[in-house]
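S.K.: Turn this into a model:
(2 chains)
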Amino acid sequence: MTNLRNVAVVGFAQLPVVARDEHRMSTEMLYPVVRQALAECKVERDDIDYQIAGSVDYMDGRPFGFVAALDVMGSWPARQDLHLEMDAAFCAYYAWVRMQAGECDTAIVVGHGKTSEGEPDRVLNLQLDPYYQAAIGLDPTSTAALQASAYMARTGVTDRDLASIAARNRAAGVRNADNQVRSAASADELMKTPWTVEPLRKGYLPPIGESATCMVLAAEGKARKLCDRPVWIQGVDHRSEMQTLGARDLSRSAGAQLAAQKALAMAGMKSASEADVVELYGATPVEELIVAEALGIEPNAAHPVINPSGGPLCGNPVMSTGLIRMGEIFRQLSGRAGERAVSGARRGIAHAAQGHCLQQNIVWVLGTERRWT
Amino acid sequence: MNEPPTEGIKYVDSKVYLPYDYVAGDSKVRYLQALKQKRILGSKCSKTGKVFVPPLVNSPESFAPCTELVEVADRGVVTTFCIVNIPVIGRNLEIPYVAASVALDGAAISIFALIQECKPEDVRMGMRVEAVWKPDGERQGDHEDIQYFRPTGEADAPQESYINRL
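M.R.: Numbering: from 1, shown residues only, chains lettered A, B, ... in the order given. Next comes the predicted model:
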């Protein structure tokens, strides 16, 4: 493979995920996070070449609401700026591409969204086609349940298996102060929680949460000036699948599988098992199982460690959940993971997804070493 | 059945209902509450001292936090304006009317305002105006508390006093 430009994650900050911040608007939540991420890198806003934000206007209920974020991102004098209606983990890809093109050396990537102000089920229903799917009232939980049924029918995975995955995330999540849910729960307890949409129980789903996140990326030459232990991007790929739910095998994620293959190949890895730590965007245990299968890792093995942060089940702030997966791998590989640190971790994989039934997937391979020399 | 339909459903009537429950933010809550007392609050940039109305958490220009709320005057200067000849949805205004940017005394940026009690053709950049408030007991702590601005009759402000506050 041709040599690409080495780009590193050099800073990450987030607000602890809460059900509702009563004191701050979305942009008011974002401002201190941008300041913190820059302070972590010991730079001023003037040292950043490029910025990109992930948010959803429908969620915020403000047409062009993303423009307000410019005020809190230090966008003066006028900046190169981009906005995606996608999780910020996808925004990071755009910043990375700009760096590959040589157009910038440093970038901030932010995610924000005031999930509590609207009704996510109603908003996310609008992601579906308006004729057949949105019109019958499908929401993300019901489409996730359709996917769960398909997966369980194909694999024979049981309710107890789902409870075990959820319990593992809940146990890990206790060690993460940024989580909204910070109490362990056993599989037996979780199996007693009521169905939200069968086969998904209340205990298998994250509560509605909100946060704000900011990541700083820097290309080789700048990265070590901004961070004592930069975490290098070794591979990345993202894939989108068809919108029509009936047109794809919901029990699998072809998109996550292909993205993983391509990202691993870019990183020069034969298998995802070569990573030490993996953060998966599974908003339900079934999503986690489907993505683990797509990546080719064993969900219950000791290595690689999956979701030491507690995963999205313990904190699922819209627009930031995916970037938090990347931020967690950065924390793990740069010695910032505190008591949830995976000992000796040198390579990690961050996965993020968006859309109903894992429609879009992105896979990042990150490591302590530069990929290209 | 493979021919195009000659009659039938041509449109899907899709109604979108999205309720929202906004958080105003602490500084805007104080700003709105102060309107009830006919007071206008701004926030002061900790680096440059510029005052933003309504209050912002930081200066978009300097990127420094605004750490202090300060009161500005309920009068100021028309910095730019336009004469509107089309009706506004949801407001029963006689047309033509004047929509203006008003830089309140003490504020570094201007707010949008309606100018009444004068002919549209008499409005000009630099004209001094003052807020006309709803009567006591009727103010709700929202932007309707200021009904409009009207000329004060003072001498026009020199251009250099407002040219950077457009």
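S.K.: any idea which residue sits dead centre in the chain?
M.R.: As the question left the chain open, I've gone with chain A. A:G322 (1.0 Å; C-alpha atoms, centre = their mean).
S.K.: wrong one, chain B
M.R.: The centroid of chain B falls nearest to B:F112 when counting by C-alpha atoms, centre = their mean (3.5 Å).
S.K.: can you count the residues close to A:Y93?
M.R.: 21 (other C-beta atoms under 10 Å in any protein chain shown). (Glycine included, C-beta is placed from N, CA and C.)
S.K.: Centre of the chain to stretch A:188-197, how far?
M.R.: Average the C-alpha atoms of stretch A:188-197, do the same for its chain, and the two points are 25 Å apart (C-alpha atoms, centre = their mean, to the nearest Å).
S.K.: Enumerate every residue touching A:A92.
M.R.: By C-beta atoms under 8 Å, 6 or more residues apart in numbering or on different chains, the contact set of A:A92 is A:I52, A:V109, A:M215, A:L217, A:L323, A:M326, A:W364.
S.K.: So it versus chain B, what's the distance?
M.R.: For A:A92, the distance to chain B (C-beta to the nearest C-beta, to the nearest Å) stands at 22 Å.
S.K.: any idea how far the strand or helix carrying that residue is from the chain center?
M.R.: Following DSSP states H and E, one finds A:A92 within helix A:88-100. Distance, stretch centre to chain centre, for helix A:88-100: 14 Å (C-alpha atoms, centre = their mean).
S.K.: Check which element follows that helix along the chain.
M.R.: Counting by DSSP H and E, what follows helix A:88-100 is strand A:106-113.
S.K.: Run the contact check for whichever helix or strand comes after that following strand versus chain B.
M.R.: Following strand A:106-113 in sequence order, the next helix or strand is helix A:120-125 (DSSP H and E). Yes: interface with chain B: helix A:120-125 contributes A:R122, A:V123 (C-beta under 8 Å from any C-beta of the partner chain).
S.K.: What are the buried residues along helix A:120-125?
M.R.: Under the neighbour-count criterion of 16 or more other C-beta atoms under 10 Å in any protein chain shown, helix A:120-125 has A:P120, A:V123, A:L124, A:N125 buried.
S.K.: could you pull out the strands for the chain?
M.R.: Here I'm looking at chain A. Listed in chain order, the strands of chain A (DSSP state E) span A:7-14, A:50-54, A:80-84, A:106-113, A:195-197, A:200-201, A:211-219, A:231-240, A:277-279, A:305-306, A:347-354, A:360-367.
S.K.: ah, I was thinking of chain B
M.R.: Under DSSP E, chain B gives strands at B:40-45, B:51-52, B:66-72, B:75-84, B:97-104, B:111-115, B:128-133, B:146-151.
S.K.: Make CSV out of those and add mean pLDDT and distance to A:S251.
M.R.: Converted to CSV, the strands of chain B look like this (pLDDT from 0 to 100; distance: least, C-beta to C-beta, whole Å):
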stretch, mean pLDDT, distance to A:S251
strand B:40-45, 98, 53
strand B:51-52, 98, 53
strand B:66-72, 97, 52
strand B:75-84, 97, 58
strand B:97-104, 96, 57
strand B:111-115, 95, 54
strand B:128-133, 98, 64
strand B:146-151, 97, 59
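S.K.: I'd like those laid out as JSON lines, including distance to chain A.
M.R.: Shown next, in JSON lines, are the strands of chain B (distance: least, C-beta to the nearest C-beta, whole Å):
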{"stretch": "strand B:40-45", "distance to chain A": "11"}
{"stretch": "strand B:51-52", "distance to chain A": "10"}
{"stretch": "strand B:66-72", "distance to chain A": "10"}
{"stretch": "strand B:75-84", "distance to chain A": "20"}
{"stretch": "strand B:97-104", "distance to chain A": "18"}
{"stretch": "strand B:111-115", "distance to chain A": "16"}
{"stretch": "strand B:128-133", "distance to chain A": "25"}
{"stretch": "strand B:146-151", "distance to chain A": "22"}
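S.K.: can you put those in TSV and add distance to A:V174?
M.R.: Shown next, in TSV, are those (distance: least, C-beta to C-beta, whole Å):
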stretch	distance to A:V174
strand B:40-45	39
strand B:51-52	42
strand B:66-72	35
strand B:75-84	55
strand B:97-104	51
strand B:111-115	48
strand B:128-133	54
strand B:146-151	51
